[in-house]
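# A structural model of the following input is requested.
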Amino acid sequence: MNDGSRNNFDALRLIGALLVLISHQFALSGRWEPRWVGDHSFGNLGVLIFFSISGYLVTSSWLKDPNVLRFAARRTLRMGPALCVSIPVTVLVIAALGLQGFPENPRHLTNGSLWTIPYEVYCYALLLTAGVTTRRPSLVLALGIFGYFAFSGLQLGESILAYFGLYFAAGSLLRTYPFLRGPLLTLLFLITGCALVLLDQTKLGLAFIVAPLTIAIGLRSWIGLRDVSSIGDLSYGIYIYAWPVQQIEVALMGRQTPYLELLSITLAVTLLLAAASWHLVEKNALRLKPHSPPGKAQADSANVAPER
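Sure thing, here's the model as predicted:
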C-alpha cells in the first residue's frame, strides 16, 4: 500500500488547494466560476477533498494517542502559527501598496477562503468529544451527522457544519474500519454515490464518491504523486495566501486582465509564499508537537498515513 511516508496524500492536498485557487481566480476577477457537477465548483471539490483527508488523518492521530491535551496541541500547532503569520503579513502588504481594501473588486473580502477554517475546528471538536465520551468516535460522529438530517427533516447542505462534517466523518470511518476501504465496498460506494447524484441528491451522493476515492488514492504510493512530499506540504499555505494575492492582482491590474495572465501571476506568487510558510513557519511549528507514548504509537502505526 505505502511505506508510511511515501503515499499520495500530500499530492492530493496540493491538488485540492490548486482547485480552490483556480476556481477563485474566476470568481475574484468577476468571471463565471465553472461547475463540475450541479452547483458545485471546482473550489468546492477541493474543500471536500480537504475535509475527507482531514477526517482520515486526524482520526488516525486520535487513535494513536487519545489524549485530549496532546490532540489539541497538535491541531493548534498545525493550523495556528501559519494563520497568525499570514493575517498580519496580508494586512501589511495591502497597506504598503496603498490599498484601502478592495471596494472596486467584484468580491470585497480580504481573505474569503478563511471561512472554512472554523468548520474544520468544529469537526476536530466533535471528534474529540465523541472520542472522550465513547469508544467509537468515528461511528458516533457519522451517526450524529446523519441523524441530524433524519430527525430534523432538513435538506442536506442547509447546515454547513453538517455538510462539511459529512466528508470529515466519512474519512474518519474509513480510517477506523479498514474493511470499508476494500475494493468491492469502494466500488459499491461509488455506484451508490452516482445513483444519488442522478436522483438529484448531489451533496449526499458526492460524500459516497469523493471521500472513498480520495482515501483510496491517498493511501497508494504512485510515482509522481508520492514524490510531491519531497517539496513539503504547500497546500495550507496556498489556501491561506491565494485569495489575498488574487484580490491585490485584480485591484492593481483590473478585472479585465486576461484570466491566464492573472492565474500565472497568482501561481508564482502564491507558491512562493506557500513554500516560505511551510519551510519557515509550519514545519518548525510541527517540530513542537507532543509525541505519542512509544508503546501506543508503535502498536497503532500500521497503514497510517503521516499526520500533518
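# please count neighbours and contacts with C-alpha atoms only from this point.
OK.
# show me what contacts the most centrally placed residue in the chain?
Taking Cα atoms, centre = their mean, the centroid of the chain lies closest to residue 50, which sits 2.1 Å from it. Contacts for residue 50 (Cα atoms under 8 Å, 6 or more residues apart in numbering) come out as 13, 16.
# go ahead and produce PDB holding the CA coordinates of the helix or strand hosting it.
If you go by DSSP states H and E, residue 50 is part of helix 42-64. Extracted in PDB, the C-alpha atoms of helix 42-64 (Å, rounded to 0.1, in the frame of the first residue of the first chain):
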ATOM      1  CA  PHE A  42     -14.000  23.000  -8.600                       C
ATOM      2  CA  GLY A  43     -13.100  25.000  -5.500                       C
ATOM      3  CA  ASN A  44     -15.800  23.200  -3.600                       C
ATOM      4  CA  LEU A  45     -14.400  19.900  -4.700                       C
ATOM      5  CA  GLY A  46     -11.000  21.000  -3.300                       C
ATOM      6  CA  VAL A  47     -12.600  21.700   0.000                       C
ATOM      7  CA  LEU A  48     -14.400  18.400   0.100                       C
ATOM      8  CA  ILE A  49     -11.100  16.700  -0.600                       C
ATOM      9  CA  PHE A  50      -9.500  18.600   2.300                       C
ATOM     10  CA  PHE A  51     -12.200  17.500   4.800                       C
ATOM     11  CA  SER A  52     -12.100  13.900   3.700                       C
ATOM     12  CA  ILE A  53      -8.300  13.700   4.200                       C
ATOM     13  CA  SER A  54      -8.600  15.600   7.400                       C
ATOM     14  CA  GLY A  55     -11.200  13.200   8.800                       C
ATOM     15  CA  TYR A  56      -8.900  10.300   8.000                       C
ATOM     16  CA  LEU A  57      -5.600  11.700   9.300                       C
ATOM     17  CA  VAL A  58      -7.000  13.500  12.400                       C
ATOM     18  CA  THR A  59      -8.800  10.300  13.400                       C
ATOM     19  CA  SER A  60      -5.500   8.400  12.900                       C
ATOM     20  CA  SER A  61      -3.900  10.900  15.300                       C
ATOM     21  CA  TRP A  62      -6.600  10.400  17.900                       C
ATOM     22  CA  LEU A  63      -6.500   6.600  17.600                       C
ATOM     23  CA  LYS A  64      -2.700   6.600  18.000                       C
END
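# give me the buried positions along the next helix-or-strand element following it.
Of the helices and strands lying after helix 42-64 in sequence (DSSP H and E), the nearest is helix 68-96. Within helix 68-96, the residues scored as buried using 16 or more other Cα atoms under 10 Å are 70-72, 74-75, 77-79, 81-83, 86, 90, 94.
# mind giving me the packing neighbours of the next helix or strand after helix 68-96?
Using DSSP H and E, the helix or strand that follows helix 68-96 in sequence is helix 117-133. Contacts defined by 3 or more Cα pairs under 8 Å, 6 or more residues apart in numbering; DSSP states H and E place helix 117-133 against helix 42-64, helix 137-152, helix 160-176.
# mind giving me CSV with those and columns for mean pLDDT and distance to residue 205?
What follows is the helices and strands packed on helix 117-133, written out as CSV (pLDDT from 0 to 100; distance: least, Cα to Cα, whole Å):
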stretch, mean pLDDT, distance to residue 205
helix 42-64, 97, 12
helix 137-152, 81, 13
helix 160-176, 93, 11
